[in-house]
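1. predicted coordinates and the sequence they were generated for:
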Amino acid sequence: MGKLIYEGSVKVDFDDRTLAHLQLVIGNKLRRGEPFHFTWRDDASIGDGRTTVWVHPGCALVYKFYGSRKPQLNPAWIDALAYTANSQTGLYLVPEPAQAGELVPEHEIP
């Protein structure tokens, strides 16, 4: 289980594989200077609502992975997440789509 920490105070748990996909999509948006909203469902232990943060090039983000191995990435999931990030609603988690081939190691994603 990994953790995304936004501005040092907002912390949310994601499994390492999900977090790796989010890191790539968020990094690509920020590298292009494109701010966006990121929304996720909160765990029932903290109210079962949702949280939205404004992600911009100046915000502090920490990706804490608890596993030592880099997860393989699914290009179809990256595309699906990037699609939401580029929409008016902003980035939110969507179910991982089926992939047409093998998973692509992170270092091979353009």
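-> Perfect, I can see it now.
2. and residue 44, how far is that from residue 38?
-> Per CB to CB, to the nearest Å, residue 44 is found 20 Å from residue 38. (C-beta placed from N, C-alpha, C; glycine too.)
3. these two: which has the busier surroundings?
-> Ranked by neighbour count (other CB atoms under 10 Å), residue 44 and residue 38 place residue 38 first, with 23 against 8.
4. give the bridge partners for that one, please.
-> Taking DSSP bridges as the rule, residue 38 bridges to residue 53, residue 91.
5. now do the top helix by length along the chain, average pLDDT.
-> In the chain, taking DSSP state H as the definition, the longest helix is helix 16-31. Along helix 16-31, the predicted confidence averages to a pLDDT of 97.
6. other residues contacting that helix?
-> For helix 16-31, the external contacting residues (CB atoms under 8 Å, 6 or more residues apart in numbering) are 1-4, 14, 35-36, 38, 55-57, 61, 63, 65-67, 70-71, 73-74, 77-78, 81-82, 85, 91, 93, 106, 109.
7. tell me how many other residues crowd residue 66.
-> Neighbours of residue 66 (other CB under 10 Å): 11.
8. about what we covered before: how about the longest helix of the chain: buried residues?
-> Across helix 16-31, burial judged by 16 or more other CB atoms under 10 Å covers 16-26, 29-30.
9. what does stretch 9-16 give?
-> Under the neighbour-count criterion of 16+ other CB under 10 Å, stretch 9-16 has 12, 14, 16 buried.
10. how far does it sit from the chain's center?
-> Here stretch 9-16 is found 10 Å from its chain centre; the criterion is CA atoms, centre = their mean, to the nearest Å.
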